[in-house]
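S.K.: output the structure for:
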Amino acid sequence: MSTFATFAEEVKRFLAAEGESRPVFYDPAKERISVGDGHGLTHFVSLPTLKARYDAIEEPKARVRVLERDLIAMRWSKPTLDVLAKRLYPRLRPTAALQSLELKRKVIEHVSGSPAADLSVAHRAFNSVLSVQLVFQLSEEAVDVGVDRLAAWGRSFDELLKLSFENLLQAATEQPREVRPNLWALTGGGGHIASRLLFDDVLEKLPFKDDCVAMAPNQNVLIFAKKSDDEALSRMAQVGLDASQAPFGLWGITMERKDGRWEPWMPDDTRPSRGPLKIAALPGLVRIYSAHKDLLLAWNEIQRINIEVSPLLAVQDENAVFSSAVWQRGVPTLLPPADRVAIVDASGGEPRAWSVPWGALKHLGATFTRAEGDLEYWRATGDIPLEKIQKYPQVQ
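M.R.: Down below sits the predicted model:
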């Protein structure tokens, strides 16, 4: 096991390799490293705790992740373009997930009274539902690049996005391959496969590139299918459904290329592939609303807004899989858009619920108004007569 002096030298070498240009000193009396000259920006690194975590990793080559997590230059200073060129990548992410992070920032800042600027992630719209952001790649994880990092680095988003594009294209070796008739896939590791959708070169080998839809259900999976082939689309849906629920899951939403831009697409109601593709997109949508629900409740409490927030659920009955919101009868509630709504009645003591199609609620006496905010919610009010909802299927 190394001494503190030896470990300090290891830390110094790591910081130098990551582009740290400030003076680095080891203070054996205080068992710490100082990064900086004490006049400008200076950081102090306590070695006992860091060394204990470092030594606890049995595999020597894996110990670098401890240093990356605690000391990576992006956390404090201005990494060189050479460092950024090796570690910056573009990544697709649901725009709604980034909006949830922004809401989380507001909640944390209000509660703690301290800035949480790192939760404001630098990004740009890719299409109406996805955005492209920057991530800083460590050995075993990728860290979001926040707006505060861009300011600290003195770099613009456009400049670094271009750099990340170049880095991805240089590192990319995977090519689309046919896995079924009219179904092609691009797979790999590292969490950067889905971002290949940013570049048109992935379409060149497809024999149906002019009749193509795409799905990026996972950061490590990109799928293409012929838009006119329902069997291929149904297979795409199954692969996407599984991949979106695996580690690195993104969103199993189907997109078509239109006017040089990928936008959400669904086949019409008469085609057999519509149902499977709709189900494939559901886990990602549920994940988005699940992450947002508690944050929205917390923010409403801060704002002294007394209203419930419904989750979005994926429900499977004997005949179908569908999305559902939950609304307690008579209680004003924010509902995410869903196929059906479970109307809960607690007037008799033991809660009971009935599943009502969304489109039927207005006819039963419900009133909907679009709630403020980027993520779609509807403020549901009105006391629906119990005898009207009891005509619908009762659910648990």
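
S.K.: need the contact list for the spatially closest residue to Pro272 that is not a sequence neighbour.
M.R.: Distances taken as CB to CB, 6 or more residues apart in numbering place Asp230 nearest to Pro272, at 5.2 Å, with adjacent residues excluded. All C-beta spots, glycine's among them, are computed from the backbone N, C-alpha and C. If you count contacts by CB atoms under 8 Å, 6 or more residues apart in numbering, Asp230 has them with Pro267, Arg271, Pro272, Ser273.

S.K.: could you chop the chain up by domain?
M.R.: Domains of the chain are assigned by automatic domain parsing as 4-75, 83-170, 174-280, 307-395.

S.K.: who's in contact with the nearest residue to Pro181 once chain neighbours are set aside?
M.R.: Leaving aside its sequence neighbours, Pro181 sits nearest to Ala232 (CB to CB, 6+ apart; 6.6 Å). Residues in contact with Ala232 (CB under 8 Å, 6+ apart) are Arg180, Pro181, Asn182, Leu183, Ala225, Lys226.

S.K.: among the residues you listed, which ones are buried?
M.R.: Buried by 16 or more other CB atoms under 10 Å: Asn182, Leu183, Ala225, Lys226, out of the contacts of Ala232.

S.K.: tell me which of these fall in strands.
M.R.: Those of these mapping onto strands are Leu183, Ala225, Lys226, per DSSP state E.

S.K.: with adjacent residues omitted, what lies nearest to Ile193?
M.R.: Among residues not flanking Ile193 along the chain, Asn220 sits closest, at 4.8 Å (CB to CB, 6+ apart).

S.K.: ignore the last one, Ala320
M.R.: The shortest distance from Ala320 to any non-neighbouring residue, by CB to CB, 6+ apart, is to Gly275 (7.6 Å).

S.K.: which parts of the helix or strand containing the one you found are buried?
M.R.: Following DSSP states H and E, one finds Gly275 within helix 274-302. In terms of neighbour count (16+ other CB under 10 Å), helix 274-302 has its buried residues at 274-289, 291-293, 295-299.

S.K.: again with stretch 162-177
M.R.: Result for stretch 162-177 [16+ other CB under 10 Å]: buried residues Leu163, Ser164, Phe165, Asn167, Leu168, Ala172, Glu174, Pro176.

S.K.: ditto for stretch 216-228
M.R.: Under 16+ other CB under 10 Å, the buried positions of stretch 216-228 are Ala216, Pro217, Asn218, Gln219, Asn220, Val221, Leu222, Ile223, Phe224, Ala225, Lys226, Lys227.
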